[in-house]
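Asks: Predicted model and sequence below, questions to follow.
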Amino acid sequence: MVLAQNLRIRLYDGVATKELQCVVGTGEYLLEIHQSDGVIKSYLLPTFAQGRIKVNNSNLQFFQGANLLGQGIKITLIQGAKEDFINWSVPLVSSKVRAYESDFELTVVKGQIQVINHVDLDTYLEGVVSSEGGSGHQKAYYQAQAIISRTYALAYQNRHQKEGYALCDRVHCQAYLHKRSGSALIDSAVYQTHQMVLKDASGKYFPTFFSANCGGQTCPPQDVWNEPISGLYSFVDTFCIHTKQANWQKRIPLTTWLDFLTANYDFPIADSTAMALLQDFQSINRSAFYLHPVYGIPMRDLRQEFKLKSSFFNVVVSGQEVVLSGKGFGHGVGLCQEGAMQMAKKGYNATQILEFYYPGAVVVKDAHSPTKE
Ligand SMILES: [Zn+2]
Ligand SMILES: [Zn+2]
């Protein structure tokens, strides 16, 4: 089989993986245990006893049931045919099973098993769209998500180059928590948008940031990351204001709130004018700062300190508490997922959704994107 250009995706990034379990889901896998002076080969089938991989100093041991098949510095698992997959789990951490297709390479890095999935771009994207978008949405939304996730993967495929892989499986890059979602709709959305990416007028990959819900107004990038990003700015989004993550509320003890403000921003609690301002802070539109323009306390800092869903909220003092009433979920920059899902429900197509959230971007077929075999 001639492989298309494959990506190296790190699985279980940030998870303690001293031991892993694997069972072939469908098909047949070639197991190779690489030793300094040779390779032990074996085949794995769905009916076989569960495989267990354990760290033993700088080596990996492969057990089948109770039998040690061998140990070596590297273990590879090669799929027999496309769509064959393996069910993985980390017994010491959780019993949750993650199914992934394609090939795997396992080595010991810093005393843990590093699992790399060698996977073609579109198969990876099927997992990403499912992980990032969830189930039960319209195809146009999945197509839009596929295009932005493909753009992101191609733009950032050297992000973890120093560590020896392209992208990790966490939201740091893009969530890739499983492959098999059971959704043929997602797989066909990826297939139908094959090679499609978003570019700006100068032909560069467009910065396809997205978040769960913008709260009715997207956030300017500089309010999140201090620097503007060409092509991304703040605008009103009415598609997301009645969705699941549209509103949130949180109560915090007034003393906790004031302690944070005085310790970090010298907020003068003895000053009655300042305290009066604090009684009622309304952000009708997104504001970068709390109590602006008198005090420049970044909303972003408050979000981080108090683990708030967004940086778009009102603050009212009620007795010995502050009541925060917020809008949206996530940083709010770029595409708003719940807004995009609503647009798809109303009949907008993927291009219309992308043009709304990324004004100035164009959907193009990317010659650098690998072709189908
Ligand atoms: Zn990453
Ligand atoms: Zn929105």
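Replies: Perfect, thanks for sending it. Ligands and ions are numbered 1, 2, ... in the order given.

Asks: in this structure, which spans are helices?
Replies: 121-133, 139-155, 184-192, 221-225, 254-265, 272-279, 299-305, 337-345, 350-357 (DSSP state H).

Asks: can you tell me if the second one touches ligand 1.
Replies: Spelled out, that is helix 139-155. No. Against ligand 1, helix 139-155 shows no contacts by Cβ under 5 Å from the ion, the least distance being 11.0 Å. Yep, even glycine has a C-beta here, placed from its N, CA and C like the rest.

Asks: Check which helices and strands that helix sits against.
Replies: Secondary structure elements in contact with helix 139-155, counted by 3 or more Cβ pairs under 8 Å, 6 or more residues apart in numbering; DSSP states H and E, are helix 121-133, helix 184-192, strand 196-199, helix 337-345, helix 350-357.

Asks: now the helices of the chain as CSV including mean neighbour count?
Replies: Listed next are the helices of the chain as CSV, based on neighbours: other Cβ atoms under 10 Å:
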stretch, mean neighbour count
helix 121-133, 25
helix 139-155, 26
helix 184-192, 19
helix 221-225, 18
helix 254-265, 14
helix 272-279, 13
helix 299-305, 17
helix 337-345, 24
helix 350-357, 22
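
Asks: Flag every residue of the chain that's near ligand 1.
Replies: Within the chain, the positions lying close to ligand 1 (Cβ under 5 Å from the ion) are Cys168, His172, Cys173.

Asks: List only buried entries from those.
Replies: Among those, those scoring as buried are Cys168, Cys173 (criterion: 16 or more other Cβ atoms under 10 Å).

Asks: What about the residues of the chain next to ligand 1, which are in strands?
Replies: Among the residues of the chain next to ligand 1, DSSP state E puts Cys168 in strands.

Asks: can you put the residues of the chain next to ligand 1 in JSON lines and add pLDDT?
Replies: JSON lines is the format used below for the residues of the chain next to ligand 1 (pLDDT from 0 to 100):
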{"residue": "Cys168", "pLDDT": "97"}
{"residue": "His172", "pLDDT": "92"}
{"residue": "Cys173", "pLDDT": "94"}
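
Asks: circling back to that earlier point, closest one to Trp248 among the helices and strands packed on helix 139-155?
Replies: Closest of the helices and strands packed on helix 139-155 to Trp248 is helix 337-345, at 13.0 Å (criterion: Cβ to Cβ).

Asks: Can you give the distance of the closest one from its chain's centre?
Replies: Centre-to-centre, helix 337-345 and its host chain are 18 Å apart (Cα atoms, centre = their mean, to the nearest Å).

Asks: Using CSV, write down the CA coordinates of it.
Replies: In CSV, the C-alpha atoms belonging to helix 337-345 read as follows (Å, rounded to 0.1, in the frame of the first residue of the first chain):
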residue,chain,number,x,y,z
GLN,A,337,-19.0,26.8,17.2
GLU,A,338,-22.5,27.1,18.6
GLY,A,339,-23.2,30.1,16.2
ALA,A,340,-21.9,28.0,13.3
MET,A,341,-24.1,25.0,14.4
GLN,A,342,-27.1,27.4,14.4
MET,A,343,-26.2,28.8,11.0
ALA,A,344,-26.1,25.2,9.7
LYS,A,345,-29.5,24.5,11.2
